[in-house]
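**Student:** here is the input, now give the coordinates:
(2 chains)
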Amino acid sequence: MNDRAPPPQPAPGTPGNAPDPVAQLLGDYAPLPGMADELMDGGGCLRPVWQSFIAHLASLDEATRAAHFARGDQYLRDAGVFYRLYNESGSTERDWPLSHVPVIVAEEEWTAIAEGLTQRADLLERVAQDLYGPGQLVADGHLPAALVAGNPEWLRPLVGVVPRSGYHLHFLAFEIGRNPDGSWFVLGDRTQAPSGAGFALETRVATTRIFPEHFAQANVHRLAPFFRAFRDALNGQQAGDGDRVGILTPGPMNDTYFEHTYIARYLGFMLLEGEDLVVQDGRVMVRTVAGLHPVSVLWRRLDARYADPLELDPASQLGTAGMVGAIRAGNLMLVNALGSGVLETRALQAFLPKISRVLLGEELKLPNIATWWCGDPAARAYAAQHAGRMTVGPALSTGLPFDADTTELDDAVQAAGMDTAAWLAERGGGLVAQEAVTLSTAPALEEGRLSPHPMSLRVFLARAGDGWHVMPGGFARIGRGRDAHALAMQRGGAVADVWIASDGPVEPDTMLPGEGGGRFRRREVTMLPSRAADNLFWLGRYVERVESNVRLLRAYHLRLTETANPDAPLLRGLADFLEVHDVDVAAPFATPLFDGISRARGCAGKVRDRFAIDGWAALGELSDSVESLSAIDLRGDDAARALGRLLRQTAAFSGLVHENMYRFMGWRFLSIGRALERADATARLLSTFADPEAVEGALDLALEVGDSAMSHRRRYSVSTRRETVVDMLALDDRNPRSILYQLTEAMEQIHALPGNEGQMPMTPLARRLLEVHTGLAVQVPETLDTEGLIALGGQIAEVSGLVEEAYFG
Amino acid sequence: MLYDITAVIAYDYQTPAGAGRNLARLMPATVPGEQRLVAGTLCADPVPDERIQRTDFFGNAMVEMSFREATRATSFRVQARVERTSEPPGLDLSPPMQRLPDEIAAVHSLAPEAPHHFLGPSPRVRLRDEMTEYACDHLAPGMTALAAVEAIGRALHRDMRFDAAATTVDTDPAEAFAKRHGVCQDFTHVMIACLRGVGIPAGYVSGYLRTLPPPGQERLAGADAMHAWVRAWVGRETGWIAFDPTNDAMVGADHIRVAVGRDYDDVAPLRGVLRTGGGQTSSQKVDVVPLEGAVSGQPSG
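**Tutor:** As a prediction, this is how the structure comes out:
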């Protein structure tokens, strides 16, 4: 027992004079009849492993507690942790539903769970090897052929293919629950592309933000060693020295995309989509800005059937043609192997206990949910006999027992208006019956008191060189209310951290940046997928475009305050100028501005693995600001001040990116995008407001929008003239706002891109840019007329097109 | 019977298509006791940068080809000489329909010929009540599985109208059935759905068909087409039989098999993935020329 734990607290209802904070927190908390409870034993006493935590929680007054909880929620929001909620009208991003109180499991108990799941992982691997190999389980009658041959997850093109690593399974998740008698059982197996490990990490970080002091001394096992072991194992499987492991994602519309980006960042893997890859001579290659680069290990988060439109689902837009061929040739390891989803089949659970005896010669250490396949007359008869405690669902479903495709047998039969046995016989092999489960309950805090809610745990296993590693933790699904069927997040369930508490101190260990330490190796990271470069380039352009529009709008509203006459020539001119970008001066915060920001966010969202959290958060704040402003009708001075705030937020993003982003190749593309956009916007600005025919005040406006009014006053002792303004904003190579400065900047970056480093003959891109740059550099204000500025805009667009052609095609 | 078969499938692209990868199942198969591929070649133009030959799960020969350079047109040309023999139908030894499920369940195998692959829904063939009911209406008490296949195939031939313009390669069988029209692919998919609906394992066969010119006319070069028909598993004793619902006939010496699978997706003559922005047009020319008397000692089927 933990020697730091306080003495056992009085059970609820114990009379006492002073209100005991623990008693207050527990209120009338009691295990529900017929269910086990994580917090309390059958007698209503706190389990020892919870005592110190409950004492800590009770010691916080309500305001402190609320503040701490808010800290955890805020962390998740800042980190951008969300999941995607699907409904009839599409999908939306929702905050991660954190239940702040962790579920605490004693180490001893956990060890038994880990042993049981390790055995199960080995068993599933053996089953996969058989189903994609000799098919002995079916031949010997241990598994009905129909369950395999009729199974959409059994992928015929993979039959007879031995995985490159020798194993089908490398990363698994299990959903487990606790029986009323206290024993654990498996609800479902996730063997295809299990999600949740990244969420488990983020849930852990959020929970430690909530209980920092307590967590530090609570002897809770850390998660980092688990991830490190798996990362090292995958890195060790690579074929080439300069290779990197890739995470294959279906893209931002997937419900767990956040996690894909998070894991990529956390483990230093490349985030890849199917279109980033191409197969050549039996090898999978990444299209990078420096050409094709082989990849030999992919952790896929994409369902297998989408992986290769040539050999699997021909309608897939997410896959890579020829990937199965690369696997067959032994050149690609996938985590997990394509086809491993067949092991998730609900009906398989009816046969695993027997298969365990056949293949391992052992009983299952951790039973799975009792399951009967209704293709077997004896099983059907049993299910009919015990109809009252059965749920039924499709035999080939890969859903978990609490997913939407199961119903209670009695309800189904009643709806059909049939006799139970006849109904079961009619559906036969298409159906499985499963024992209606009773889960245990765990505490969640509601209105200052703890109350019991049904829960299940998701546990992760990863294969390393020395066998399976079990993540000491994971996450718990906590039901809303008391309904075990409301566990799924899609139905309003919440998620809690899981603490495996040791009796003695544990190694503090982390992989998060800034902590930990030890060995390091500097690695040249040059592999930038073309798609990521494309998104970074446009992110740079969009953010700059937003900034430019905000400056113009602010200039408009400042002048509107002064003149109060929207028909003044300068204001008309400005309004017309903005209209080209669909920006309406009368509604500055409306759609076009917002569009620019959401486009920027869209681009950033596709390269989130390459961003620090702060940059992403700054962009989110910018977007929130515009959204909140769009609801209010602001004009004149109020609008100008609001726009000033937006400008500072834009600058915050740019600052974070340009000051803090490592000078990887990706940063160069972002910078090129920004430079070209700014050069183009300034050329357009000057061609209108520095035109000899422009209305009075236009030159000062150009300086203001070009953020150069102050420098202008210091540099030229004369009043504003066309020559000085054109000199300042187009030709001055020391003014970061000038076109020449931005073209120089673009040229420096482009010279550092692959294929351009000192290359002779010059690439079409480098040559054109040099021409444009030189053409501008030799000008003087007198020769750079309006026509020349308009032509310059066209040349800049041409250079932008050449960048796209050379690197994103 | 000996045949010389020529098939040319050509694609034209509006804008150059690059980085293409194709999977071709175009070569006539060798089926012991029925059909022998004497010689065959498959050529592609342009010449592919990669070419891999192998067989798929169902034992069909296929060629994977990849093209790195962008191209405005691709064509694939098959030339094959095939010897086809055909036995006259024997006694019906298939079990009555009631016994078929037990015979299926008694097969403990995932081998390509096992009936289990062909019983449930497959990517292109969903089981639909209306087709199952239609099939049931054509069963008679005590009917054997083989008789059931013929009865259902014959009924479909009678009720469905051949219409080359009404459907496309992507038409859902349920739609073709509802409108009672289509081409060989639709007839085949609909019949598969009907047979599976009543518990008869059924699959898709792609191949070439020798066609006869209208009486008094010359055979036109290139007028033949790739064809499709149904195979069905009618018990352990008989195994697989084949029926052509488009022509209302048991499959015989005029049918030259290329590939078998659960539905069109498994046997598509050409699967291709290209990066192209524009549209494409395709054309298909097939010639099946019988070489009667060309080889001595060959009885005509």
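
**Student:** rest of the way, CA atoms for contacts and neighbours
**Tutor:** Noted.

**Student:** which strand runs longest in the chain?
**Tutor:** Reading this off chain A. strand A:449-464 (DSSP state E).

**Student:** not quite, go with chain B.
**Tutor:** strand B:2-24.

**Student:** mind checking how far residue B:74 is from chain A?
**Tutor:** Distance of residue B:74 to chain A, computed by Cα to the nearest Cα, to the nearest Å: 17 Å.

**Student:** I meant to write residue B:31 there.
**Tutor:** Distance, residue B:31 to chain A, using Cα to the nearest Cα: 21 Å.

**Student:** what residues does chain A put near chain B?
**Tutor:** Neighbours of chain B within chain A, by Cα under 8 Å from any Cα of the partner chain: A:135, A:138-141, A:144-146, A:148-150, A:152, A:156-157, A:159, A:281, A:309-310, A:314, A:321-322.

**Student:** kindly report the residues of the stretch 1-150 of chain B close to chain A.
**Tutor:** Residues of the stretch 1-150 of chain B lying near chain A (Cα under 8 Å from any Cα): B:21-23, B:50, B:56-57, B:107-110, B:116-122.

**Student:** what about 10 Å?
**Tutor:** On the criterion Cα under 10 Å from any Cα of the partner chain, chain A has as its neighbours in the stretch 1-150 of chain B the residues B:19-23, B:49-52, B:55-58, B:64-68, B:104-112, B:114-123.

**Student:** show me those residues that map onto strands.
**Tutor:** Short answer: the residues of the stretch 1-150 of chain B next to chain A in strands (DSSP E) are B:19-23, B:50-52, B:55, B:64-67.

**Student:** and those residues, which two are the farthest apart?
**Tutor:** Spatially, the most separated pair among those is B:19 and B:55, at 23.3 Å (Cα to Cα).

**Student:** looking at the two, which is more packed in?
**Tutor:** Counted by other Cα atoms under 10 Å in any protein chain shown, residue B:19 and residue B:55 do not tie: residue B:19 has more neighbours, with 18 against 12.

**Student:** where does pLDDT dip in chain B?
**Tutor:** B:18-19, B:220-223, B:273-278, B:293-301 (pLDDT under 70).

**Student:** residue boundaries of the helices in it?
**Tutor:** Ranges of helices in chain B, per DSSP state H, are B:100-105, B:129-137, B:145-159, B:173-179, B:184-197, B:264-267.

**Student:** just name the most buried of those.
**Tutor:** The highest mean neighbour count among the helices of chain B, using mean count of other Cα atoms under 10 Å in any protein chain shown, belongs to helix B:184-197: a mean of 29.

**Student:** that older thread, any chance of the helices of chain B in a markdown table, with distance to residue A:720 too?
**Tutor:** A markdown table is the format used below for those (distance: least, Cα to Cα, whole Å):
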| stretch | distance to residue A:720 |
| --- | --- |
| helix B:100-105 | 93 |
| helix B:129-137 | 82 |
| helix B:145-159 | 87 |
| helix B:173-179 | 74 |
| helix B:184-197 | 78 |
| helix B:264-267 | 72 |
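
**Student:** quick one: which of the ones you listed is nearest residue A:704?
**Tutor:** Here helix B:264-267 is closest among the helices of chain B (Cα to Cα), at 63.5 Å.

**Student:** can that closest one be found next to chain A?
**Tutor:** Yes: contact of helix B:264-267 with chain A (Cα under 10 Å from any Cα) involves B:265-266.

**Student:** what's the ChimeraX line that selects buried ones from the residues of the stretch 1-150 of chain B next to chain A?
**Tutor:** The buried residues among those can be selected in ChimeraX (16 or more other Cα atoms under 10 Å in any protein chain shown) with this line:
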select /B:19,20,21,22,23,56,57,58,64,65,66,67,104,107,108,109,110,111,112,114,115,116,117,118,119,120,121,122
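
**Student:** what about the residue in the stretch 401-550 of chain A that chain B sits nearest to, neighbour count?
**Tutor:** Relative to chain B, the nearest point of the stretch 401-550 of chain A is residue A:430 (9.6 Å; Cα to the nearest Cα). Residue A:430 has 21 neighbours, counted by other Cα under 10 Å.

**Student:** contacting residues around it?
**Tutor:** By Cα atoms under 10 Å, 6 or more residues apart in numbering or on different chains, the contact list for residue A:430 reads A:146-147, A:150, A:347, A:373-375, A:393-397, A:424, B:120.

**Student:** I'd say residue A:283 and residue A:320 touch.
**Tutor:** No: with contact defined as Cα atoms under 10 Å, residue A:283 does not reach residue A:320; the gap is 11.5 Å.

**Student:** domain-wise, how is the chain divided?
**Tutor:** I went with chain A, as the question did not name one. Per automatic domain parsing, the domain ranges recorded for chain A read A:370-435, A:531-661, A:662-809.

**Student:** that was the other one, I meant chain B.
**Tutor:** B:2-85+B:268-290, B:97-267.

**Student:** fine by me, we can end here.
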